[in-house]
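A.B. asks: below are the sequence and a predicted model; questions follow.
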Amino acid sequence: MPKKAVIFDLDGVIVDTAKYHYLAWKKLANQLGFDFTPDQNERLKGVSRVKSLEILLEIGGVSLSESEKERYMIEKNENYLSYITKMDENDILPNIKSLIQHLKKQGVLIALGSASKNAKQILDTLKITFYFDAVVDGNEVSAAKPDPEVFLLAAKLLKRNPDECIVVEDAAAGIEAANTAKMLSIGIGKKEILNEAAFVLESTSLLTNEFMDKLIGN
Ligand code: B16
Ligand code: MG
């Protein structure tokens, strides 16, 4: 089936916000009296804010009331946003902007499929909102990745069948979601973590226009 749409994940694919999520969760962990390592952070990639907090608390062996959880999530998000507001177009990961421009020129549809509730604000900060034919983020879906809802909704908004879509993702949960949606998955990151993806590239610098042209069939 020819590919007619590309659905990009946000954190870790378009922009390296994963490091800011990590710093904000680490600060909270330290506040709660335990450490939080980059390896442990892999489990939080691509999953929703509330699920991230649950995983963090499980790692630290801490239990909190619902109201405390709400309060800590607000605090974590404020801390995260303090990093995000300092970003600009220079924070877009290598080749992503030129790839999006290249795909658009060829009539390939572009969507965002992100778990983040801050996604629209980040796209605006990076000044790339207008490239997207559809934006689906954590505010629109009820089931978080690895559930395929986010990508299926993006395909529906683009009026494309799942097998016409390519998904670019940096999280194992996102690759699982794309595969369950019957879309072609490209993982950005380590092979050991993203081994379920159809293709794995170590960084977005390898996600070249030529590589995508071949997958799209141009
Ligand atoms: P927020 P993505 C995901 O974004 C992140 O990978 C994940 O670490 C984060 O917990 C989630 O968004 C929710 O983010 O707190 O901003 O709503 O990778 O799906 O673009
Ligand atoms: Mg991601």
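C.D. replies: That came through fine. Ligands and ions are numbered 1, 2, ... in the order given.

A.B. asks: now for the longest helix anywhere in the chain, which elements pack on it?
C.D. replies: Ordering each helix of the chain by length in residues (DSSP state H) puts helix 66-84 first. Applying 3 or more CB pairs under 8 Å, 6 or more residues apart in numbering; DSSP states H and E, one finds that helix 66-84 contacts helix 18-31, helix 49-60, helix 119-125. All C-beta spots, glycine's among them, are computed from the backbone N, C-alpha and C.

A.B. asks: and the shortest one, anywhere near ligand 2?
C.D. replies: Translated: helix 119-125. No: judged by CB under 5 Å from the ion, helix 119-125 stays clear of ligand 2, getting no closer than 10.4 Å.

A.B. asks: what's next to that helix, contact-wise?
C.D. replies: For helix 119-125, the external contacting residues (CB atoms under 8 Å, 6 or more residues apart in numbering) are 10, 14-15, 17, 84-85, 87-88, 112, 116, 129, 132, 135, 137-138.

A.B. asks: identify, from those residues, the entry nearest to residue 101.
C.D. replies: Of all those, residue 132 has the smallest distance to residue 101: 12.4 Å, by CB to CB.

A.B. asks: how much space separates the closest one from residue 107?
C.D. replies: As judged by CB to CB, to the nearest Å, residue 132 and residue 107 stand 15 Å apart.

A.B. asks: distance of the spatially closest residue to residue 97 that is not a sequence neighbour from residue 92?
C.D. replies: Nearest non-adjacent residue to residue 97, counting by CB to CB, 6 or more residues apart in numbering: residue 128, 6.7 Å away. The gap separating residue 128 from residue 92 is 7 Å, by CB to CB.

A.B. asks: what do the two both touch?
C.D. replies: The contact sets of residue 128 and residue 92 overlap at residue 14 (CB under 8 Å, 6+ apart).

A.B. asks: ok so, going back, now list the buried members of the contacts of helix 119-125.
C.D. replies: Buried by 16 or more other CB atoms under 10 Å: 10, 14, 15, 17, 84, 87, 112, 116, 132, 135, 137, 138, out of these.

A.B. asks: cool, thanks, signing off.
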